[in-house]
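In: coords below, sequence missing:
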């Protein structure tokens with residue numbers, strides 16, 4: 001029997017996630033039976049009597065063998081003296097877990113980089129009105145979709161979590177609210193009315209699942225060297241181009257393909273082009289040139305949508321950096337990393353928050369971390385969910401643009 005070791009619920013959830021991840025399968029270090037057993041074993045422990053969401057840790061005193069190859073304990077963390085893997089699999093196993101292990105108080109823990117659990121939403125208020133809000137629940141309670149949901153969704157940090165604000169073909173101008181605690185999704189307001197984007201013929205509403213990458217921020221004090229413009233003080237935007245229409249508030253795992261740079265009212269406004277990792281085309285679309293190859297016309301449609309979508313409201317056409325060219329995957333990854341570092345500066349108080357609510361419930365070491373009880377009170381004080389209000393009469397109207 002292995003030496004008893006402290007293991008958090010989060011570690012078990014990360015094992016459950018990793019057991020189903022492409023990272024493990026791509027390394028061929030476990031059989032499909034092993035993967036299934038690994039997930040079911042962690043599920044059984046998570047449903048153990050007396051284990052609740054508020055438990056910070058518990059003692060694991062026995063290990064279930066998995067396909068005679070490794071112990072569950074070893075898959076949760078590489079314990080310095082009590083992990084067991086057959087020699088043929090040892091190197092592959094380490095290559096998967098070693099980058100994600102941190103030595104802490106004499107043992108190794110999985111870093112919090114992966115999407116460890118399914119996120120759920122709590123809707124409040126009345127859709128199509130100013131009081132509508134979407135709040136998020138995570139593994140241990142309420143979370144901010146801006147600050148608490150991890151940017152990275154896999155151990156290699158090549159897959160990202162995307163928060164869907166606006167499903168494809170819808171018109172509601174929804175966004176993560178930076179100014180309110182817990183940063184709920186709410187509908188943008190202009191002249192005391194909720195906003196709906198116009199339909200540019202031949203499209204209806206947004207032509208992708210539109211949203212944001214959590215734990216990113218475009219610093220308004222930072223001047224982008226190549227565009228000579230400053231950030232727009234928002235999380236970085238994402239256009240998910242896959243075939244599935246995702247629900248508002250969904251947390252979707254995507255891979256970045258490229259990025260466009262909109263100059264919106266003089267500010268840098270990056271638009272990451274991404275695809276759901278589970279999309280049927282995800283295996284063949286890996287960079288920006290693959291989009292045109294497998295989805296001809298889509299990049300042009302994206303450029304034109306962003307250029308003209310404000311024109312029906314009487315505004316001028318939007319401008320772009322790089323003559324509207326979509327930069328490649330490598331460039332997109334660089335932009336994502338830069339905006340993640342800018343978010344870290346925001347959370348560490350090295351950058352002035354300037355009205356942004358940085359409160360969070362899970363970010364380790366954050367000076368803005370606050371209690372779950374306070375978070376619960378915020379949500380409980382919101383108006384109860386009621387049936388949607390009527391849509392504006394012109395929400396389905398088409399608008400024609402001379403190009």
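Out: Structure's in. What do you need? Predicted model only: the values in this text are computed from it and were never measured.
In: quick one: which helix or strand includes residue 270?
Out: Secondary structure from DSSP states H and E places residue 270 in strand 267-276.
In: same deal with residue 355?
Out: Going by DSSP H and E, residue 355 is not in any helix or strand.
In: mean confidence for the strand holding residue 270?
Out: Averaging pLDDT along strand 267-276 yields 96.
In: Run the chain-centre distance for the very next helix or strand once past it.
Out: Following strand 267-276 in sequence order, the next helix or strand is helix 288-294 (DSSP H and E). Computed by Cα atoms, centre = their mean, to the nearest Å, the separation of helix 288-294 from the middle of its chain amounts to 23 Å.
In: For helix 288-294, report the contacting residues that lie outside it.
Out: 241, 257-258, 273, 281, 284-285, 298-299, 326-329, 332 (Cβ atoms under 8 Å, 6 or more residues apart in numbering). C-beta: built from backbone N, CA, C; applies to glycine.
In: gap between residue 207 and residue 241?
Out: Here the distance between residue 207 and residue 241 works out to 9 Å (Cβ to Cβ, to the nearest Å).
In: burial of residue 281, as a residue count?
Out: By other Cβ atoms under 10 Å, the residues close to residue 281 number 15.
In: what sits against the residue nearest to residue 213 when sequence neighbours are not counted?
Out: Counting by Cβ to Cβ, 6 or more residues apart in numbering, residue 213 lies nearest to residue 236, which is 5.0 Å off, once chain neighbours are set aside. Taking Cβ under 8 Å, 6+ apart, we find residue 236 in contact with 212-213, 216-218, 270, 272, 335-336, 339.
In: Equivalent analysis for residue 176, please.
Out: By Cβ under 8 Å, 6+ apart, residue 176 lies in contact with 145-146, 163, 165, 183-185, 212, 235.
In: need the contact list for residue 212.
Out: Contacts of residue 212 by Cβ under 8 Å, 6+ apart are 145-146, 162-163, 165, 175-176, 234-238.
In: ok, back up a step: export the contacts of residue 236 to a markdown table and append columns for distance to residue 131 and secondary structure.
Out: Converted to a markdown table, the contacts of residue 236 look like this (distance: Cβ to Cβ, whole Å; DSSP: H, G, I helix; E, B strand; the rest coil):
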| residue | distance to residue 131 | secondary structure |
| --- | --- | --- |
| 212 | 22 | strand |
| 213 | 27 | coil |
| 216 | 28 | coil |
| 217 | 26 | coil |
| 218 | 28 | coil |
| 270 | 30 | strand |
| 272 | 30 | strand |
| 335 | 35 | helix |
| 336 | 33 | helix |
| 339 | 30 | helix |
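In: If you go by neighbour count, which of those residues are buried?
Out: 212-213, 216-218, 270, 272, 335-336, 339 (16 or more other Cβ atoms under 10 Å).
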